[in-house]
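In: I'll drop the sequence and a predicted model, then ask my questions.
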Amino acid sequence: MTVYVLNGPNLNRLGTREPEIYGTTTYADLALLCEAAARRLGLDVAVRQTNAEAEMLAWLHAAADAGADVVLNAAAWTHTSIAIGDACAMLTGRLIEVHISNVYKRESFRHHSYVSPHADGVVIGCGVDGYRLALEHLAV
Ligand code: CA2
């Protein structure tokens with residue numbers, strides 16, 4: 001079964017600015033990193049990024065219908081979107097929430113997550129390595 005690694009708004013800009021917060025890895029590198037980790041772990045992954053909330057909702061609905069596990073970095077929608085939270089509640093497989101930065105060291109508006117109440121696990125502040133950690137967890 002495919003594990004969906006879903007990334008929200010602006011993450012396609014990774015590695016282009018704010019390296020002190022997000023590091024220097026580009027989104028293309030991040031996708032390769034996830035695919036390499038998945039290959040090593042014997043997982044099939046679909047790594048995707050969108051700046052369109054409707055597209056993210058459609059991917060979450062498809063994951064729910066398939067019973068698939070999801071690694072989700074919903075980026076800013078994490079803190080703002082009841083719709084993303086509701087779609088996470090529909091998931092039937094496991095959900096691991098990932099954030100590259102430690103959101104709790106940052107502005108208070110980043111301290112609330114609409115995703116976390118529906119997540120089986122949360123990886124925060126481990127940089128892009130958090131995606132590998134999430135996939136390792138799902139592989140056992
Ligand atoms: O730390 C994370 O992974 C975040 O989900 C990233 C989001 C932010 O809104 C969350 O609070 C925490 C932002 C993604 C934007 O990524 C950028 C990439 C390059 C340059 C600037 C932003």
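Out: That came in fine, so what should we check first? Numbering: from 1, shown residues only.
In: could you pull out the helices for the protein?
Out: Applying DSSP state H to the chain gives helices spanning 19-22, 27-41, 53-66, 77-80, 82-89, 129-139.
In: for the ones you listed, give me a markdown table that also has mean pLDDT, mean neighbour count and distance to the ligand.
Out: Where C-beta positions appear, they are placed from N, C-alpha and C, glycine not excepted. Rendered in a markdown table, the data for these read as follows (pLDDT from 0 to 100; neighbours: other Cβ atoms under 10 Å; distance: least, Cβ to the nearest ligand atom, whole Å):
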| stretch | mean pLDDT | mean neighbour count | distance to the ligand |
| --- | --- | --- | --- |
| helix 19-22 | 91 | 12 | 5 |
| helix 27-41 | 98 | 16 | 8 |
| helix 53-66 | 98 | 16 | 13 |
| helix 77-80 | 98 | 19 | 6 |
| helix 82-89 | 98 | 18 | 12 |
| helix 129-139 | 98 | 20 | 8 |
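In: please report how far the nearest residue to residue 126 once chain neighbours are set aside lies from residue 49.
Out: Nearest non-adjacent residue to residue 126, counting by Cβ to Cβ, 6 or more residues apart in numbering: residue 133, 6.1 Å away. Separation of residue 133 from residue 49 (Cβ to Cβ, to the nearest Å): 19 Å.
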